[in-house]
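Novice: The amino acid sequence is not available; the structure is as follows:
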């Protein structure tokens, strides 16, 4: 069983618990999150709820001077007056105020148990169950403490059992609140804290109930349990985001959970979670080190193939735990955040980070976990239309490099390398294409086509012609700085490569899907006419893909963003089949970044894994998996930016899947980037574009067998590996080493090594 294993509790002293957070273990049900410290004597559960944000509702933050200035800014850039353009940007284009809303913590609950000295300690997060278990002994008596989140019953549950009948006491304290306006009280169900954030912030209620075979007494600060061999604690949180009364919701939720009882709540949790997690299984050949503490394993990442298997499973676990239908999308920290003012506001950073969170969704058969991202697009669209109109005087839907749960689309921060970049909504809209490609869900496409086209509509007005090409500006190549031939350094620019790649993707998708659904219109025709004028990637003086429209040098050649390789991954605009010369240039680009220190943040390293996988270099991909594990992973296996960001976990999991199967370009490729160290293994349940389920087994570095199931009954193409044969009802060799499979819905095809 895959598990994160720690042999000691996370520190829980008055101040130490803040540092101990990086050793605490995350559990979550999509909306409720908790970090398990697991101290036998002085335990802490740090808590979050996904709608508890500082501030409430949307605001119009557009700078009123912007509409008259952004074109002037463009003119200055075209004249080479970079500093003047950037000064105008700072004064006229930055939003007022410059900050969006940000995510908040719900504080923590402290549990003081009557235990004294203990031994035999272990803390394991069992990924296949989403249950965290703490085991320890005191004076030869054994104890088990379990923690899990229930999606069906919307509670976090903690239960301690004395396995040898020894009795214990526990005091729970919910009163440790370091700021905010709050009220502690008791009710029939238990105890609760009602919190009102300052100014126009939200209100929320955190409620706790407990039952025991001993005696439980509630007070306004928590509860005390006496003379117990078993104690079960239920926790729920509700904000006023949804318009109901938080306390009433919490009371009803806890009443329902307690009426069901621990066994039923746990059974419902397991059934719900395992219905998602159990869809995919990966097994890499190697020594089973599940009983070695995970931090020790991280020190020897290069000699532990199964650590990559664990990282893959952890990424799936985290996505299921932080993003479910009818929850908020996973933010910069998923749902796990200890701070009232978290790094970068723990918002949705949409110049890569929020998108990376959902890279594993399709290939890991977790398409429904992506639904909150699309619901956020619906929230963003009205605000994005207003920003397009008020800031640019244009139609359509625009967002810059951040948004929040209220859909704020105005520029965020006063930081030039990122702030004025109008491609955030466009990148998010590429997920509409990817989701449809993996699911084939036409109803979904009908629902979201207008949002995709609205994002295109903005660029119909924003693009301008230069030397026969349609380009953007002012913009940036996130979050990099270039050196102009004049010697000036600049961030603001005209026509960065990434912009053209993203715009090409949404234009082509809008045209294709409009025709597919019979919804062609004037915009469709405009996009078709504009597409040939969008710039394609160019090769620069180092043999690299050019990052900007001009062949500038970077101030940081090892910059963490590798935006000009967006067309390699997550897009498939660059490929060996379509653009072999550009694939050579992509490799040079990646090697150049890495030779200058690139990949020094967790999410950047995760992106690099996916790029090497697309370049079909399994050993380089694995080298970066191992670097992600050894250099950018905390003891609790969460991604180290530093500080913690969850995107590296998701991007790393996606990269491992990308090493095992790819399906861009309409053709399935099995084991496209298999490293030499992964000599043997098997994986089942991965999905490809076309909604094809794949089970793959390999031995001695070569494919042994693959079973492909067409969920929709559509035909599909696959590369036939050397030494293999294709079996199925209707198999056609179409040339170039590619075979076509056809059949009715649910049909299976097989590829296997000859002689097996």
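Specialist: Great, that's in hand. Since the structure is predicted, the reported quantities are computational estimates derived from the model, not experimental observations.

Novice: what mean pLDDT does stretch 40-49 have?
Specialist: Averaging pLDDT along stretch 40-49 gives 97.

Novice: Buried residues of that stretch, list them for me.
Specialist: By 16 or more other C-beta atoms under 10 Å, the buried positions in stretch 40-49 come out as 40, 41, 42, 43, 44, 45, 46, 47, 48, 49. C-beta here means a position set from N, CA and C on the backbone, and glycine is covered the same way.

Novice: Same check on stretch 255-262?
Specialist: Per 16+ other C-beta under 10 Å, stretch 255-262 contains these buried residues: 257, 258, 260, 262.

Novice: Identify the residue nearest the last one in space, chain neighbours excluded?
Specialist: In space, residue 262 comes closest to residue 232 once its chain neighbours are excluded; the distance is 4.9 Å by C-beta to C-beta, 6 or more residues apart in numbering.

Novice: gap between that neighbour and residue 623?
Specialist: Note on residue 232: its distance to residue 623, by C-beta to C-beta, to the nearest Å, is 47 Å.

Novice: Between those two, which is the more surrounded one?
Specialist: Shown here are residue 232 and residue 623; by other C-beta atoms under 10 Å, residue 232 has more neighbours (24 against 18).

Novice: So which elements touch the helix or strand hosting that one?
Specialist: Secondary structure from DSSP states H and E places residue 232 in strand 230-239. Here strand 230-239 touches strand 32-36, strand 42-49, strand 155-162, strand 168-173, strand 203-212, helix 246-260, going by 3 or more C-beta pairs under 8 Å, 6 or more residues apart in numbering; DSSP states H and E.

Novice: which residues touch the lowest-mean-pLDDT helix or strand in the chain?
Specialist: Sorting the helices and strands of the chain by mean pLDDT, DSSP states H and E puts helix 16-20 at the bottom, at a mean of 84. Residues outside helix 16-20 that contact it (C-beta atoms under 8 Å, 6 or more residues apart in numbering) are 10, 11, 12, 37, 44, 46, 108, 338.

Novice: List the contacts of the fifth one.
Specialist: This points to residue 44. Counting by C-beta under 8 Å, 6+ apart, residue 44 makes contact with 10, 12, 17, 20, 24, 35, 37, 108, 109, 110, 111.

Novice: wait, isn't the fifth one in contact with residue 36?
Specialist: To tie it back to what came earlier, the one meant is residue 24. Yes: Residue 24 lies in contact with residue 36 (C-beta atoms under 8 Å); the separation is 5.8 Å.

Novice: before we move on, back to that, run me through the strand neighbours of the strand holding residue 232, direction for each.
Specialist: Using DSSP bridges, strand 230-239 pairs in its sheet with strand 155-162 (antiparallel), strand 203-212 (antiparallel).

Novice: hang on, the earlier thing: now flag whichever of the buried residues of stretch 40-49 is closest to residue 727.
Specialist: Proximity of these to residue 727 (C-beta to C-beta) peaks at residue 48, which lies at 49.7 Å.

Novice: Show me the shaky parts of the protein.
Specialist: Residue ranges of the chain with pLDDT under 70: 1, 179.

Novice: related to what we said a few turns ago, which of the buried residues of stretch 40-49 sits closest to residue 413?
Specialist: The nearest member of these to residue 413, counting by C-beta to C-beta, is residue 48 at 23.4 Å.

Novice: any idea how far the closest one is from residue 217?
Specialist: To residue 217, residue 48 is 28 Å away according to C-beta to C-beta.

Novice: again with residue 182
Specialist: Using C-beta to C-beta, we find residue 182 at a distance of 22 Å from residue 217.

Novice: Neighbour count for those two, which is higher?
Specialist: Using other C-beta under 10 Å as the criterion, residue 182 and residue 217 rank with residue 182 on top: 17 against 12.

Novice: The more buried one is in contact with residue 193, isn't it?
Specialist: Yes: here residue 182 reaches residue 193: they are 5.4 Å apart, a contact under C-beta under 8 Å.

Novice: So what's the residue count around residue 713?
Specialist: By other C-beta under 10 Å, the residues close to residue 713 number 13.

Novice: Nearest residue to it in space, please, no chain neighbours.
Specialist: Among residues not flanking residue 713 along the chain, residue 745 sits closest, at 3.2 Å (C-beta to C-beta, 6+ apart).

Novice: just to revisit the earlier point, for residue 694, find the nearest of the strands paired with strand 230-239.
Specialist: When the strands paired with strand 230-239 are compared by C-beta to C-beta, strand 155-162 sits nearest residue 694, at 35.3 Å.

Novice: Direction-wise, compare that closest one with strand 32-36 and give the angle.
Specialist: Angle, strand 155-162 to strand 32-36, by axes from the mean of the first three to the mean of the last three C-alpha atoms, to 10 degrees: 30 degrees.

Novice: Check which residues of strand 155-162 are buried.
Specialist: Within strand 155-162, the residues that count as buried by 16+ other C-beta under 10 Å are 155, 156, 157, 158, 159, 160, 161, 162.

Novice: any idea how far residue 583 is from the last one?
Specialist: Counting by C-beta to C-beta, the separation of residue 162 from residue 583 is 62 Å.
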